[in-house]
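# the sequence isn't on hand, but the structure is:
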């Protein structure tokens, strides 16, 4: 580590402990919430801020340690300066966070003391939120839960929600405008939980409009979230329906995406002669690993007209090209696909075929070998 970086680190640590000592002398832990902070200025005048509270006394035994990091616009802080030790504030409806410390370059450290707003606490009580703790007010301050936001959510028809829900909405970017936009798109009864899920998974109003154009208007909130989780885009819907028609269900299309059915995969299968595969058959191919390479390898062995269900059966039961080639070397040519599957189902391996034929001093039919395996006759031929 460079000497300049070491000096910076040492200065920030010394500042942090000095500020913490000052805060502890001036404020009782039973009256305020206090802790430590570190910060770094990032692009576009954004300040990454991490706050930590260490509670190690009996009064806070149920809370433990707490830390949170968020990004803020520098202009949200009052009195923020660089290059010297100073105090600055984050002032919100729910309270004020008083910071003390210093920045060197783009990095800073120090301590903080939270001053809750009793006026806001009384406002919350009038709105039906009783016994709101200082800890909750701190979270509401950090994530900008304001009077306007609380009353705005209620005016939009929501009731019986918690302060935790308000904080979660603000953390994930659920604004009053977003609620209005989603309602105006026909989701009047959407829950607050689902609005948060929309934001978490990127279900924007633009996505809703584009998906409705591609998939139709009968889309539920759950379906929209599912589309985002699995990567179903309007373009993917269009491409799938261009292939199978507009009656192809969205559940089938979602299944395509989950299992990796692509336009390229469909095209490769067409080149191999499978022009009329259904959506279910394509999905089954992907689930069980029926690849173009797998199909091509069997065609090279002479199995050019295998049905889609037979190919899937081959994969399920482990009928491989190496198994077929092994049988060929043992004199079993052009074995019927159903017989190949039967051999695998009942455990007729290449080694079993060699061993039994050797014991019998002749080449038994595969049907006889399968019968031997089914009835356990192979045990009578085991070496002593």
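Received it, and whenever you're ready, just let me know what you need. Keep in mind that what you see is a predicted model, and the values were worked out from it rather than measured.

# which residue lies nearest the spatial centre of the chain?
Nearest to the geometric centre of the chain sits residue 229, at 6.6 Å (Cα atoms, centre = their mean).

# quick one, phi psi at that residue?
Taking degrees, to the nearest 10, you get phi -60, psi -40 for the backbone angles of residue 229.

# what do you get for residue 78?
As for residue 78, its main-chain torsions (degrees, to the nearest 10) stand at phi -100, psi 120.

# my read: it touches residue 87, true?
No. Look at residue 78 against residue 87 with Cβ atoms under 8 Å: they stay out of range, at 9.7 Å. C-beta coordinates here come from the backbone N, C-alpha and C atoms, glycine included.

# and these two? Which one has more around it.
Using other Cβ atoms under 10 Å as the criterion, residue 78 and residue 87 rank with residue 87 on top: 16 against 13.

# I'd assumed that one was in a strand, is it?
Yes. Read with DSSP: H, G, I helix; E, B strand; the rest coil, residue 87 is one of the residues of a strand.

# how about it: what's its closest non-neighbour residue?
residue 100 (4.9 Å; Cβ to Cβ, 6 or more residues apart in numbering).

# tell me what the strand or helix carrying that neighbour is packed against?
Taking DSSP states H and E as the definition, residue 100 sits inside strand 95-104. Counting contacts by 3 or more Cβ pairs under 8 Å, 6 or more residues apart in numbering; DSSP states H and E, strand 95-104 is packed against helix 3-26, strand 33-42, strand 85-92, strand 107-116, helix 134-142.

# that one pairs with which strands, and in what direction?
Sheet pairing of strand 95-104 (DSSP bridges) gives strand 85-92 (antiparallel), strand 107-116 (antiparallel).

# most tightly surrounded among these?
strand 107-116 (a mean of 22; mean count of other Cβ atoms under 10 Å).

# now that strand: mean pLDDT?
For strand 107-116, the mean per-residue pLDDT is 96.

# report the angle between it and strand 33-42.
For strand 107-116 against strand 33-42, the angle by axes from the mean of the first three to the mean of the last three Cα atoms, to 10 degrees is 140 degrees.

# show me how this structure divides into domains.
Domain assignment of the chain by automatic domain parsing yields the ranges 3-120, 318-381.

# give me the mean pLDDT for the shortest one.
I take that to be domain 318-381. For domain 318-381, mean pLDDT is 93.

# let me know whether residue 68 touches residue 37 as I believe.
No. Between residue 68 and residue 37 there is no contact under Cβ under 8 Å: 10.2 Å.

# point out where the protein drops to low pLDDT.
Residues of the chain that meet the criterion pLDDT under 70 lie in 1-31, 55-64, 378-384.

# residue 50: what's it in contact with?
Contact criterion Cβ atoms under 8 Å, 6 or more residues apart in numbering gives 37, 38, 39, 67, 68, 69 as the residues in contact with residue 50.

# the stretch 201-350 of the chain: strands as residue ranges?
Counting by DSSP state E, counting those that start in this stretch, the stretch 201-350 of the chain has no strands to list.

# mind listing the helices for it?
Secondary structure of the stretch 201-350 of the chain, counting by DSSP state H, counting those that start in this stretch: helices at 205-215, 221-230, 234-244, 250-259, 263-271, 279-288, 292-300, 308-317, 321-329, 337-346, 350-360.

# nearest to residue 154, out of these?
Nearest of the helices of the stretch 201-350 of the chain to residue 154, taken as Cβ to Cβ: helix 221-230 at 20.7 Å.

# for the closest one, packing partners?
By 3+ Cβ pairs under 8 Å, 6+ apart, helix 221-230 packs against helix 192-201, helix 205-215, helix 250-259.

# just the residues contacting it, thanks.
By Cβ under 8 Å, 6+ apart, helix 221-230 touches 187, 190, 194, 197-198, 201-203, 207-208, 211, 232-233, 250, 254, 257-258.
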